[in-house]
Structures are given as structure tokens and as C-alpha cells.
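# Below: sequence and its predicted model.
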Amino acid sequence: MTLPPADSALGKLMATLPRPGRVEWIGVRPARGVAMQALDEVVALAGAGLDGDRYAGGSGKRGITLIQAEHLPVIAALAGLDAVEPARLRRNIVVSGLPLIALKGRRFRLGEALLETTEECDPCSMMEAALGPGGYNAMRGHGGLCARIVEGGAIRRGDALIPVIDASAD
């Protein structure tokens, strides 16, 4: 994604967020077909993924997936459910307090790690099994983001998500 110049009116608006985000939930899937494991802490591996996650050896483009906590009740409502537990959605990190879409094309700190958004995390057909009929469509527009791990480090529940406005300064 091409961002507007940082000194333009739109660039300034896009760089302004009300506060940092906060890690609410962390999960990894050690192997295909097994349930997500909720953790209090995980180590992000630069250029790879999360330690203990089955995607840790992949290309790195989808090294970590994030979803916005505020979207969980919306997904549940659209799927006709009372609530949705984060593990059902197959994302690694649930973040609250800031709109993840504002991080598109940007770098950000998550705990000790430096991440860079690579793409939106669109739902897959597994959402039909996880959420029931219509689950795929309930997730559309609410699937979160995928990110590459630029610098590794620990990520803990309660850690801040802080956008890096000028990536060259970090």
C-alpha cells in the first residue's frame, strides 16, 4: 500500500491515533488441525513467525496475524452467536484500543517486537466450520491484519501496540 506523504494533510490524519493499542489475547497453533493454545507470552522470531506456531517457518509475510478486540462482538452478532472466543478465529493476537486498519502499510511495536503490516487478513473457508453457516461472511471486513516480524522479541498480554510514524527513526 502506498501511503500519502507524511507532511500532507491526509498523511497527518492517517498518522494520528488517539492512544496506543493493548494486547488482550495471544494464541498459537502448534500443528495443522489442532486447537489454538492461549498464552500469556510468546516470542516473535524475526523473518519467521511466533515461536510454537505452525507458521513460524514460513515466508514471514504472514508471520503474525492480528485482530481487533472491538470486532469480536460484531463478528458474533453477524454470525448469530452470543459471543466469539478469540481462538475460534485463528488469529495470533487480539488487540484493543486502536483501529488496526490504521496500521495498513506501517510499522509498529508490539511488546519488544517490531512488525510491518503486509496485508489484510481475509477470512478463509474454515470460518464456516468455526462460526457456522455464514461465518465466512461474518468475518469479511473484520479479519484483521497480517504482519511480517522485522525485529523479534517477547510479546506479552497487556503489552502496548505503538505505531512507528517514521520507520527510519526506529
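Nice, thanks for sending it over.

# For the rest of this, base every contact and every neighbour count on C-alpha atoms.
Will do.

# so what strands line up beside the host helix or strand of Glu24?
Glu24 is part of strand 21-28 when elements are defined by DSSP states H and E. Sheet partners assigned to strand 21-28 using DSSP bridges are listed as strand 37-39 (antiparallel), strand 93-96 (antiparallel), strand 160-164 (antiparallel).

# Could I get the CA-only coordinates of the second one as CSV?
It refers to strand 93-96. What follows is strand 93-96, C-alpha atoms only, in CSV (Å, rounded to 0.1, in the frame of the first residue of the first chain):
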residue,chain,number,x,y,z
ILE,A,93,-3.0,-11.6,18.6
VAL,A,94,-6.2,-9.8,19.8
VAL,A,95,-5.5,-6.0,20.2
SER,A,96,-7.8,-3.4,21.7
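
# contact partners of the strand holding Glu24?
Strand 21-28 has contacts (C-alpha atoms under 8 Å, 6 or more residues apart in numbering) with 36-42, 50, 52-54, 69, 86-87, 91-98, 156-162.

# chain center to it, what's the gap?
Centroid separation for strand 21-28 versus its chain: 9 Å, with C-alpha atoms, centre = their mean, to the nearest Å.

# Stretch 11-30 spans what distance, first to last residue?
With C-alpha to C-alpha, to the nearest Å as the measure, the ends of stretch 11-30 fall 39 Å from one another.

# How about stretch 123-138?
Taking C-alpha to C-alpha, stretch 123-138 runs 9 Å from one end to the other.

# Likewise for stretch 24-43?
The stretch stretch 24-43 measures 16 Å between its terminal residues, going by C-alpha to C-alpha.

# change the start of the numbering to 425 and stick with it
OK, 425 is where the count begins now, so the last one is stretch 448-467.

# Buried residues of it, list them for me.
Under the neighbour-count criterion of 16 or more other C-alpha atoms under 10 Å, stretch 448-467 has 448-454, 460, 462, 465-467 buried.
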